[in-house]
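In: Quick one, fold the following:
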Amino acid sequence: MISMVAVLGLAACQSTNRLPEMPLKPTATHSQTSSPAITDRGTDLLSRGDVQRFIQNEARKGHYSRAQLESFFSNVAYKPGILDVMDKPGTSQPWYTFWANNASSNRVSRGNAFMQQNAAILQAVSDRYGVPVELITAIVGIETNYGTSMGSYRVADALTTLGFHYPRRADYFQQELGQFLQLAYEEKQDPMSFKGSFAGAMGMPQFMPSSWRQWAVDWDGDGHRDIWRNVGDTAASVANYMKQHGWRSGQPVAVPVALNITPQLQAAIDEKTALKYSAGQLRSLGVVIPERVSNGEKGVLYRLESSPGIYEYWFGLNNFYAIWQYNHSRLYVAAVRQIANGVNNGAANL
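Out: As a prediction, the model looks like this:
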């Protein structure tokens, strides 16, 4: 869900239940399409079997006609630069680089300003969902620098490029494209009007379309879940996501541990992120974990490279895993925790 540059506000809800307009007058058949979208192989998207299957499946849902969907695919733009970015994720950096780029003192100071400007709304959301103001602030901060960097790509272009030109995750992005079209239908918006990241993530919290549809909240009751300009909707959407993914109020995200690395402990660190090992199990392997963590509590053993070749070791608890669901990166979770603990004079103590 990481960021780019642009701001998009959702327009007022229309009074009619008709289908939202597509950017061009819908064409009746492919043969009548005047401006086909050209792919990297120089072919019309509408000539591809996978695109036709997608159109058929979407048309069955009854929200868009085949003609409207053909018009959509005739007007999306192929963005080859996105494919290069997808294979160079920022989370592949060492921690000391990732921290400097995403959780610096500047990000913390901007977070304090964001909290001061929106104190009443953030507190009300926190009280409703049991998610700390500092955590909500940190996620908005790391995702879009508090709404200042929300992405400049048309979401339609990004998701189509990835859904039909990125085989490794084509199924996922085609599903997200379907969710996006449903989102635009529900919001009564032109699908071509939405802006987002190179991966199709949207708004201040950089929700993918499926996350928007499942977890976004209309905090102020205006009929829209506006995560682009509405801080209440944004904060409530982030808090709802955290709560639904297991956030436990009043508990830490992670605790520092001491250990002498062994092949068994290195294997535990290298395993996929999951709440697999209990504190008791790790203590039996020589890991020194703070006493406030009970033996039965499960978590994730991980390390952070604080400087080249120098590592810190941590035990991530249930709330670590809840944040990890938002972005599957241990560095991401560590950066969110650092921002959250930096704002508000460290009051969160996560």
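In: so which helix or strand takes in residue 306?
Out: Assessed by DSSP states H and E, residue 306 sits inside strand 298-307.
In: next structured bit after that strand?
Out: Using DSSP H and E, the helix or strand that follows strand 298-307 in sequence is strand 310-316.
In: What residues sit buried inside that following strand?
Out: For strand 310-316, the buried set under the neighbour-count rule, 16 or more other Cβ atoms under 10 Å, comprises 313-316. Glycine gets a C-beta too; all of them are placed from N, C-alpha and C.
In: Could I get the average pLDDT for it?
Out: For strand 310-316, mean pLDDT rounds to 97.
In: hmm, back to that, next, format the buried residues of strand 310-316 as JSON lines and append distance to residue 156.
Out: Shown next, in JSON lines, are the buried residues of strand 310-316 (distance: Cβ to Cβ, whole Å):
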{"residue": "313", "distance to residue 156": "44"}
{"residue": "314", "distance to residue 156": "40"}
{"residue": "315", "distance to residue 156": "43"}
{"residue": "316", "distance to residue 156": "37"}
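In: Tell me where the stretch 201-350 of the chain has helices.
Out: Remark: helices assigned in the stretch 201-350 of the chain by DSSP state H, counting those that start in this stretch are 209-215, 231-244, 263-270, 279-284, 318-326, 330-342.
In: distance between the ends of stretch 62-71?
Out: 16 Å (Cα to Cα, to the nearest Å).
In: Burial check on residue 276, number of neighbours?
Out: The number of residues packed near residue 276 is 13, by other Cβ atoms under 10 Å.
In: if I pick the closest residue to it other than its chain neighbours, what's in contact with it?
Out: Once flanking residues are discounted, residue 276 sits nearest to residue 298: 6.7 Å by Cβ to Cβ, 6 or more residues apart in numbering. Contacts of residue 298 were listed using Cβ atoms under 8 Å, 6 or more residues apart in numbering, and they are 275-279, 317-318.
In: which of the residues you listed are buried?
Out: Buried residues within those, counting neighbours by 16+ other Cβ under 10 Å: 275, 277-279, 317-318.
In: In those residues, find the pair that's most separated.
Out: Across the buried ones among the contacts of residue 298, no pair lies farther apart than 277 and 318, at 12.9 Å, counting by Cβ to Cβ.
In: Find residues that contact each of the two.
Out: Residues within reach of residue 277 and of residue 318 at once, by Cβ under 8 Å, 6+ apart, are 298-299.
In: what's in contact with the lowest-mean-pLDDT helix or strand in the chain?
Out: Within the chain, no helix or strand scores below helix 80-86, which has a mean of 90 by mean pLDDT, DSSP states H and E. Under the criterion Cβ under 8 Å, 6+ apart, residues 40, 153, 158, 161-162, 165-166, 169, 198-199 lie in contact with helix 80-86.
In: How about that helix, which residues are buried there?
Out: Residues 82-83, 86 are the ones in helix 80-86 that count as buried (16+ other Cβ under 10 Å).
In: just stretch 294-308 next, same as before
Out: Quick answer for stretch 294-308 (16+ other Cβ under 10 Å): 297-305.
In: how about the CA coordinates for that stretch, as CSV?
Out: Backbone C-alpha positions of stretch 294-308 (Å, rounded to 0.1, in the frame of the first residue of the first chain) are rendered in CSV as follows:
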residue,chain,number,x,y,z
SER,A,294,3.8,-14.5,29.6
ASN,A,295,5.2,-17.8,28.5
GLY,A,296,2.0,-18.6,26.6
GLU,A,297,2.0,-15.5,24.4
LYS,A,298,2.8,-16.3,20.8
GLY,A,299,4.7,-14.1,18.4
VAL,A,300,7.3,-13.6,15.7
LEU,A,301,11.1,-13.6,16.3
TYR,A,302,12.7,-11.1,13.9
ARG,A,303,15.8,-8.9,13.5
LEU,A,304,16.5,-5.4,12.3
GLU,A,305,19.8,-4.4,10.7
SER,A,306,20.4,-1.2,12.6
SER,A,307,23.7,-0.5,10.7
PRO,A,308,25.6,-2.6,8.2
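In: what's the distance between that stretch and the middle of its chain?
Out: 23 Å (Cα atoms, centre = their mean, to the nearest Å).
In: need the strands for the chain, in chain order.
Out: In the chain, the strands defined using DSSP state E lie at 153-154, 195-196, 254-257, 277-278, 298-307, 310-316.
In: Distance-wise, check residue 140 relative to residue 129.
Out: As judged by Cβ to Cβ, to the nearest Å, residue 140 and residue 129 stand 15 Å apart.
In: When the two are compared, which one has more neighbours?
Out: Legend: neighbour count by other Cβ under 10 Å for residue 140 and residue 129, higher for residue 140 (26 against 21).
In: Run through the residues that contact the more buried one.
Out: Counting by Cβ under 8 Å, 6+ apart, residue 140 touches 114, 146-147, 204-205, 234-235, 238.
In: how does it look with 7 Å?
Out: 114, 146-147, 204-205, 234, 238 (Cβ atoms under 7 Å, 6 or more residues apart in numbering).
In: cool, residue 333 as well?
Out: 316, 320, 323-324.
In: I'd like the distance between residue 179 and residue 229.
Out: As judged by Cβ to Cβ, residue 179 and residue 229 stand 21 Å apart.
In: Which one's more surrounded, those two?
Out: Comparing residue 179 with residue 229 by other Cβ under 10 Å, the one with more neighbours is residue 179, at 19 against 16.
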